[in-house]
Structures are given as C-alpha cells and as structure tokens.
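K.L.:
here is the input, now give the coordinates:
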Amino acid sequence: MSHEQFLLDRQKGIGGSDVAAIMGLSPWKTPLDVYLEKTMTVPMGEDFEPMADKPALARGRRCEKYILEEYADHTFNILTPGRLIRHPRYPFLQGHVDAFVKGCEGILVEAKSVAGSPSIWDNEIPPYYKTQVAHYALISDCWRVDVPVLFDRWQYACFSYYRNPKFEDDILQACLAFWHDHVLKENPPKPRSLNDVQSLYPTPEATGCPVTKEIQEDLEQLACVLQTKKKLTEREETIKVRIMDYMKEHEMLLDGANVLATWKGQKRSTLDIDRLKRNHLALYEQYKKEQTTRVFRLKGNSQ
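P.N.:
Predicted structure coming up:
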C-alpha cells in the first residue's frame, strides 16, 4: 500500500495513532489536529508532501521491517503481513496493524522506533503508545499486542499489552463522541494551543468584537505574565553574559570531571535571499512561498 493511500484511509475513520490525541495524551497532536485531518482534503499530485509524514515517521517506516525480523528471531514466531482492521460494530474505528503472529490470531505486533534507551519506558508502554495498541486490541478482539521497540544504538526490547476492559471502554467512548459530535457534525473541538487557534481562524476580518468581563480579566493576567516574562528574559541574559564572559574561549565549564555547561560552536547553512533575488529573480519568484500569520498584540490599557 502506498503512503498516499494510507493517508487517505486515515481520513475515513479513527486510527490507532489518533486515539492519544483525542484523549489529550499525545505530546505531538491535539484533538483539533485530528479533526482537521479527518475533515480536510489531503492534497495529491506530483508535489504531494503530506504534513503527517515527518522525518521521524519516515525513519520508523524504514526500520519497521528490521524490528519485526528482530521480534521473530527473539520469539521464534512466524509473522504474516499486517493489514487494515476495523471494529465489527463501528467500522470507522480502524487501524493498520504492522503484523500478525501466524497460527495465533489473538496476538498482534506493533513495531516502534524511538529515541533513548529501554530504561526511559520504565518497563511499561507509554500512554501515547498504549492507547494505540489498546485501540487495536479493542477493534480486533485479540488478547495481546506485542510491541517490539528499537531504541538508540540498536538496543532492542519488547513490551506487551494485555486486555484492560476499563481502559478500552474509555477509549471507545472518547472515540465515539469525537466521531459523532465533531467529525460528522463538522464541529471542531475547542482549541488547546496557539497553533490550534491559528488553524481555526487563519484569516482576519477588519471588524471588532466587544470585550467581556472574563476576557478583560484574561487580558489583565496576560499583561502581568508578559511583564514577568520580560523581566525574567532580561535577568537570564544578564546571568548568561557573566558566565560566558568568565568562560571566554573555553568550550566547557567544569567542576572536576563534571561538565556543568558548554559553549560550543555550531555551523548552519542559510539561504541568502537578497542575493538570490538580485541574481536570479525568476528562480526566486518560482520557488517563493508566501504565508499569512495572524499576530496577537495587547493594545491600549491592556498593556
């Protein structure tokens, strides 16, 4: 299955990777992100560059085959290719399972590639992955989901999820409510981040809205927070100047063999936009990309 088809299938229902965001447990996505994925058209064509296809996800797909081979070697199980599965009663609850254990339909396998060492999981599947595999167990009615993981430095470990009816019912109710109350009714969930509100209201209109008592209190609190932030930023800079001036050309600040701080050089490549416009204006016009972002500022007595 192509990755483009995979993304299109995701729009037709709630998948395992959506559940953590819907339940407010994802460090990467909000409920609104999931809502927009389900209700907006995925662009296709020769310039197709899916937003969801981040570098970490692309690396994970490439590592999947190796991780599954490691799992098979460690468990002596024979694996069969994964496929799309759906809940028998609620077909919009779905998931792309990585693999099945041959001869034992009650065991699913979900491979992961993550940063860090096995100790960061503390012998337990993190909530944002646990919701995913619990979702798979729920819709397939399997009794176990094995999660083989490739950590940094090729460290391998395997974790297992066993059925938890209460946890799975919480997932089911949250997904049903999200699908029926938001996706089907085209009613976006409440924003939870600045990115959320920018996505919901990208285009301004030259109109005004009256302030309420609650919003006036928010404005006053925000003004206080911004003043405190400014003072803390100034103090941060003052302290850094003293430390860095003391270090001078030295790269490390040491307490014996213990490194307390570093001040290292870093190289980066940047594009000289002004030079490009002067020397290759047509090329610049061909590849320039304009974006409009709404900027929020306090005015008048709110400051």
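
K.L.:
what segments of the chain are strands?
P.N.:
For the chain, strands defined by DSSP state E occupy the ranges 79-81, 84-86, 94-96, 99-101, 104-109, 112-113, 144-150, 156-162, 252-255, 258-262.

K.L.:
can you verify my assumption that Leu25 contacts Thr131?
P.N.:
Yes - using C-beta atoms under 8 Å, Leu25 makes contact with Thr131 at a distance of 6.0 Å. C-betas here are computed from N, CA, C, even on glycine.

K.L.:
could you check which of those two is surrounded by more residues?
P.N.:
Thr131 (26 against 14; other C-beta atoms under 10 Å).

K.L.:
touching stretch 73-92 from outside, list them.
P.N.:
The contact list for stretch 73-92, computed with C-beta atoms under 8 Å, 6 or more residues apart in numbering, reads 9, 12-14, 68, 71-72, 93-104, 107, 109, 136, 138-140, 146, 148, 156, 158, 172, 175-176, 179.

K.L.:
so how do I select the buried members of the residues you listed in PyMOL?
P.N.:
Restricted to buried positions by 16 or more other C-beta atoms under 10 Å, the PyMOL selection for these reads:
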select buried, resi 13+14+68+71+72+93+94+95+96+97+98+99+100+101+107+109+136+138+139+140+146+148+158+172+175+179
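
K.L.:
the helices in the stretch 51-200 of the chain, which residues?
P.N.:
55-75, 127-140, 165-178, 194-200 (DSSP state H, counting those that start in this stretch).

K.L.:
between these, which one is nearest to Lys267?
P.N.:
Proximity to Lys267 (C-beta to C-beta) singles out helix 55-75 among those, at 19.9 Å.

K.L.:
average model confidence for the closest one?
P.N.:
Computed over helix 55-75, the mean pLDDT rounds to 86.

K.L.:
which parts of it are buried?
P.N.:
Within helix 55-75, judged by 16+ other C-beta under 10 Å, the buried ones are Gly60, Glu64, Ile67, Leu68, Glu70, Tyr71, Ala72.

K.L.:
tell me how far the residue lying closest to Val97 once chain neighbours are set aside lies from Ile139.
P.N.:
The shortest distance from Val97 to any non-neighbouring residue, by C-beta to C-beta, 6 or more residues apart in numbering, is to Gly82 (4.1 Å). Per C-beta to C-beta, to the nearest Å, Gly82 is found 13 Å from Ile139.

K.L.:
residues contacting Ser160?
P.N.:
Arg144, Val145, Asp146, Val147.

K.L.:
got TSV for the residues you listed, with pLDDT and distance to Glu237 too?
P.N.:
Putting the contacts of Ser160 into TSV (pLDDT from 0 to 100; distance: C-beta to C-beta, whole Å) gives the following:
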residue	pLDDT	distance to Glu237
Arg144	96	54
Val145	97	49
Asp146	97	50
Val147	97	45
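
K.L.:
closest one of the residues you listed to Arg275?
P.N.:
Using C-beta to C-beta, these come closest to Arg275 at Val147, 50.1 Å.
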